[in-house]
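**Q** Next comes the sequence, and after it the predicted model I'd like to discuss.
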Amino acid sequence: MITLEKSSEEKIAIVNVTRRGFLQGALSASAFVLCVGKASLLARTAAAGTHPVATPGTPSIDATAFHPSVFLGIQPNGTVLIVAHRTEMGNGVRTSLPRIIADELDADWSRVEVIQGDGDERYGSQDTDGSHSVREFFDTLREAGATARLMLIRAAAQQWGVPEAQCVADPVHIVSHKGSNRTIGYGELAALAAKQPVPKKEELKLKSPSEWRYIGKPAPGYDVTDDCAGKPLFGMDVRVDGMLYAAIAHPPVLGGKVKSVDDSATLKVKGVMQTIPIDPFTPPHHFQPLGGIAVIADNTWSAFKGRDQLKIGWDNGAHASYNSPDYKKQLQETARQPGKVVHTIGDPDAEFSKGAKVIEAEYYAPHLAHASMEPPVAVADVKGEQVTVWSPTQNPQGVQEEIAKKLGLKKENVSCHVTFLGGGFGRKSKPDYAVEAAVLSQKTGKPVKVVWSREDDIKFDYFHSVAAMYIKAAVDDKGLPKAWLQRSVFPSISSTFDKDAVYGSDGEMSLGWDVIPFDVPNFRSENGKAVNHVRIGWLRSVANIYHAFAVQTFANELAYTAGRDPYEYLLALIGPGHTVDVKQPPDVAAKYPYDTTRLRHVAELAATKANWGKKKSGNGWGMGIAVHRSFLTYVASVVEVEVDKSGAVRIPNVYTAVDAGIVANPDMVRSQFQGAAVFGTSLARTGEITATNGVIDQSNFHDYAVARMNDAPVNVDVQIVDSTAPPAGVGEPGVPPFAPALCNAIFAATGKRVRELPLTRNGFA
Amino acid sequence: MIHLKVNGSAQTFDGDPEMPLLWYLRDILGLTGTKFGCGMALCGACTVLENGKAIRSCATQVKQVEGHEVTTIEGVATHGPHAVQKAWAEVNVPQCGYCQTGQIMQAISLLSAKPHPSDADIDDEMAGNICRCGTYQRIRAAIKLAAKERA
């Protein structure tokens, strides 16, 4: 087992560290192992089981700063092992990332074995959020594959005593010397390849896109057969010898504390062993447990049943004042007042004062819960100073950090095994439930599995933020805006980390609010103050949801006010195409300029596929369009609706066009955008979390309804732009344009404008 | 003492007879392919077959299946993968995969009652099974493929 660490003789070394290695004992002694860092190509190699090996051809670097995000091993039997250091939650990373390596390696995909990486800071960031995985690691993965391929070719050339240039990796998994008609397999070359110096980056020959065998080609999920047999180990499925089960009665209001407990009925429940108090958090709540009373039992159901029998008196604290209708009024009131300026173009105030026609509108979107199919769950085993955790987590290093902090241990003493996730959507970036398991394991001295019920999941989520928006525009005689002002107000995710945070962060502003993709000469975006009363967190596409809803609905309103076709008007708003002046880090800006030509193109593709304008809207039938760029990807959605007299909305077709640059696996991209339309349907039609006296009103799928087969879009058509631009995000960008496209379609069909989500608040179902 | 058959094997259970079948399968027998999603028969993740027909194991007490034959996802692949499992893989249905075992059990139940289901039959039968990743379009395609392959 190989990884990198400092040694006294050499500044950089590769050493055998099997017992705490990355690959969990999977490699045989003479395997060829390569680890590659993300920032630049800093490959290290060695045969497993050998002494520390110097790494020629690379500059002196600080080993502690080396983050080998790619681990690749070739076994003597030819099996290629690739560590997936990112989390699989339906995003397809266990397929798309290894296939990028396998392509440049010219490996036979059927001989690739994917190993899930544990939490380890030496991988660099493992936080699987923000639609980062392919776009951040594409270059590194390719370089890793190409490096290994070159070293295999050099090993073969050396063995045969022929020039390297005469050897090729063809067919897959084999190096051939055509001149002498000799071939040798990758497995046979592994030991010799490991002895080759690591090539410099300039020596690598990456394939041209026309040579790709896997990148850009559709492939089924690596785990699909296991998925269909119920074999993958989800967090909910972890079983450890001697494990106890825990259900926790959390404070009904954020920051609440236990005043009194009567657990006598609980302790009479068969299977219940004891109850244990969990301390309330110290503000800010961050990823700390909420506190409450845990019921420990010898099976899950007894723990749940015992919890139902608890009689707890709560001190609800200050957030018991939280009532959604009042809070909504406050947000809306704030949105009508000048706020903190986010971004300005030209002089909107001067333009507004010229007396042109002004159009204004207010929008509102409620809290949402993630409701991933697998509720939060974790198993922890604390033995003295050592902690082992099995958790469905998007953020394994966060699990390590938070548990270490809570138990007063060192982070490296906490090992986190990442299981499959039954959905994540951002909820499982927050490790509070794993910390609960660790606290209870420490207190019982046994492994403990904390299982959240669906009710726990919905009532104690890190909720997607509620938001109020105000937009006004001054328009010319063609109805096009000369000035545009927009304000959003919402409790920020920052409040999770800073109890005094009241403004949206720069990050939240960059999610569809700091700028708009329209050709408007005078523009200002603002943000107003809001205080949080529940835990606020990321949810698939985050602030883009409410921001795109407001901007794309307003654009549609402007079209109708001008008496113009909404699609034709949207193209006029975008204009011929320009680079939007948006705050991005210089390296991102250079690689991913915000180019509205690409947005215009996806709008044209989606509208053309939808036969936009061929059928007259009205009488309960209509189409709506919306566009949005998020996570560096350009998306257009056209939604077709049929609305009956009772207000029931049917969605026979959705036409989506996406420009995400180069895509690793088009079938996965289709899946993600089909899924995003369903996710968008859920939030637009019924998604709403409310509070009464600080207590969340909803609890399970009967009162927090999500889309089902009979009310989800029937057909979602996904067109993927064939692009050579760098890869961008895929998991989230399908969500933001969906709700405004749907609501714009409903307007086309019925003449009723939806300015507040969900549809059930507007007489639709 | 409760007697039942699970995936063809005789089982006896002397625990709380009111324990939901779901938790008996998962926590006592270790058959974790059947999933917990809601506990109220609202999402279908826990779907298993009772004498060949789909039921929600989270809302079925062990005593209610006394003497009956229960089949879980672990028991459907008798001679290689079941036709429905094959169709699911062919269409590449799963995203996260968590709900898919329940979806597959429901689809097996549907196809045994209606070998050639219409779109409306599929909607009616499958509407009780939630997929939060949103794979419904592919589920429908996989059911049609399985129906065709079995014909």
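**A** Thanks, I have the structure now.
**Q** mind giving me the domain ranges of chain B?
**A** B:2-75, B:83-150 (automatic domain parsing).
**Q** now check the last one, is it near chain A?
**A** Yep, that's domain B:83-150 we're talking about. Yes: applying CB under 8 Å from any CB of the partner chain, one finds domain B:83-150 touching chain A at B:85, B:88-89, B:92-101, B:104, B:122-124, B:126-140. Backbone N, C-alpha and C define where each C-beta goes, glycine included.
**Q** try the first one
**A** Yes: applying CB under 8 Å from any CB, one finds domain B:2-75 touching chain A at B:15-16, B:19-20, B:23, B:26-28, B:30, B:32-40, B:42-43, B:45, B:72-74.
**Q** about what we covered before: buried deepest among the domains of chain B, which one?
**A** domain B:83-150 (a mean of 22; mean count of other CB atoms under 10 Å in any protein chain shown).
**Q** Look at whichever residue of the stretch 601-750 of chain A sits closest to chain B and report its pLDDT.
**A** Relative to chain B, the nearest point of the stretch 601-750 of chain A is A:V678 (2.7 Å; CB to the nearest CB). A:V678 is assigned 98 on the pLDDT scale.
**Q** Nearest spatial neighbour of the spatially most central residue of chain B, chain-adjacent residues omitted?
**A** In chain B, the C-alpha nearest the mean C-alpha coordinate belongs to B:M105, at 2.7 Å (CA atoms, centre = their mean). Distance criterion CB to CB, 6 or more residues apart in numbering or on different chains; nearest residue to B:M105, sequence neighbours excluded, is B:T47 at 4.3 Å.
**Q** cool, and A:D519?
**A** A:G575 (3.3 Å).
**Q** follow-up on the earlier one: pretty sure the residue nearest to the centre of chain B is in contact with B:A54, am I right?
**A** Yes: between B:M105 and B:A54 there is a contact at 5.9 Å, judged by CB atoms under 8 Å.
**Q** okay, and the common contacts of the two?
**A** B:T47, B:V48 (CB atoms under 8 Å, 6 or more residues apart in numbering or on different chains).
**Q** What are the boundaries of the helices in the stretch 601-750 of chain A?
**A** Along the stretch 601-750 of chain A, the segments classed as helices by DSSP state H, counting those that start in this stretch run A:666-685, A:738-750.
**Q** on that earlier part again, so for A:P76, which of the domains of chain B sits nearest?
**A** domain B:83-150 (30.7 Å; CB to CB).
**Q** correct me, but the residue nearest to A:D519 touches A:F518?
**A** Yes: applying CB under 8 Å, one finds A:G575 in contact with A:F518, separated by 7.3 Å.
**Q** So those two - more neighbours on which side?
**A** Between A:G575 and A:F518, counting by other CB atoms under 10 Å in any protein chain shown, A:F518 is the more crowded of the two (23 against 15).
**Q** looking at it, that one is touching A:I574, isn't it?
**A** Yes: using CB under 8 Å, A:F518 is in contact with A:I574, at 6.1 Å.
**Q** what mean pLDDT would you report for stretch B:63-71?
**A** On average, stretch B:63-71 scores 98.
**Q** From the rest of the structure, what touches it?
**A** B:2-8, B:17-18, B:21, B:25, B:48-52, B:105.
**Q** among the residues of domain B:83-150 next to chain A, which are in helices?
**A** If you go by DSSP state H, the residues of domain B:83-150 next to chain A have B:85, B:88-89, B:100-101, B:104, B:122-124, B:126, B:136-140 in helices.
**Q** So of those residues, which two are at opposite extremes in space?
**A** B:A89 and B:D124 (24.9 Å).
**Q** picking up where we left off before, mean neighbour count and distance to B:A147 added to the helices of the stretch 601-750 of chain A, as TSV?
**A** Below are the helices of the stretch 601-750 of chain A laid out as TSV (neighbours: other CB atoms under 10 Å in any protein chain shown; distance: least, CB to CB, whole Å):
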stretch	mean neighbour count	distance to B:A147
helix A:666-685	26	21
helix A:738-750	28	30
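**Q** is it true that A:P98 lies in a helix?
**A** Yes: counting by DSSP: H, G, I helix; E, B strand; the rest coil, A:P98 is part of a helix.
**Q** A:R149 versus that one, what's the distance?
**A** In this structure, A:P98 and A:R149 are 15 Å apart, going by CB to CB, to the nearest Å.
**Q** what about these two, which has more around it?
**A** Between A:P98 and A:R149, counting by other CB under 10 Å, A:P98 is the more crowded of the two (29 against 25).
**Q** Not counting its neighbours along the chain, what's nearest the more buried one?
**A** Closest to A:P98 by CB to CB, 6+ apart is A:I82, at 4.3 Å.
**Q** That neighbour - how many residues pack around it?
**A** A:I82 sits with 28 neighbouring residues when counted by other CB under 10 Å.
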